[in-house]
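Chemist: test case, fold it:
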Amino acid sequence: MLIYHWQSVFIHSNTRIKFGPLRWLIASPQFHHWHHANDRQAYDKNFAAQLPVLDLIGGTLFMPPHMPEKYGVDEPVPQLYHRQLVYPFVNAAESAAPTAEASPAASKPR
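Modeler: So this is what the prediction gives:
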């Protein structure tokens, strides 16, 4: 359990340690930083918490040799913790909601 917690902190650190061939077996900061990157190529990538080989098998591995330039999301995130927890769901629901232009009533001739 202690090793798991240490590794969870380690992958979020700002270190540039090369893992060589072990990079496929041990999640590194380089691997995990791409999970948080705000780069279209990195979207929906690097889901594995500990074993990058699982992302390799699943086709979701993304690990270029450099670190990301930008992290996070483009929109402002709520400041309160409980609102941050529901933010992805509220944002997705708002994006999926039909707009006035897309509604059938808006397209009917008068």
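Chemist: what's the local residue count around Lys32?
Modeler: If you look again at residue 32, you'll see it is His, not Lys. Around His32 there are 21 other residues, counting by other CB atoms under 10 Å. For glycine as for every other residue, the C-beta is placed from the backbone atoms N, C-alpha and C.
Chemist: quick one, what contacts it?
Modeler: Ile11, His12, Asn46 (CB atoms under 8 Å, 6 or more residues apart in numbering).
Chemist: return a ChimeraX selection command for the buried portion of those residues.
Modeler: ChimeraX command restricting these to the buried ones, with burial defined by 16 or more other CB atoms under 10 Å:
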select :11,46
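Chemist: neighbours of the nearest residue to Phe10 once chain neighbours are set aside, how many?
Modeler: Excluding the flanking residues, the one nearest Phe10 by CB to CB, 6 or more residues apart in numbering is Pro29, at 6.9 Å. Pro29 has 17 neighbours, counted by other CB under 10 Å.
Chemist: and if you look at Ala97?
Modeler: Ala97: 8 surrounding residues under other CB under 10 Å.
Chemist: can you tell me how far it is from Pro78?
Modeler: Separation of Ala97 from Pro78 (CB to CB, to the nearest Å): 19 Å.
Chemist: ditto for Ile26
Modeler: As judged by CB to CB, Ile26 and Pro78 stand 34 Å apart.
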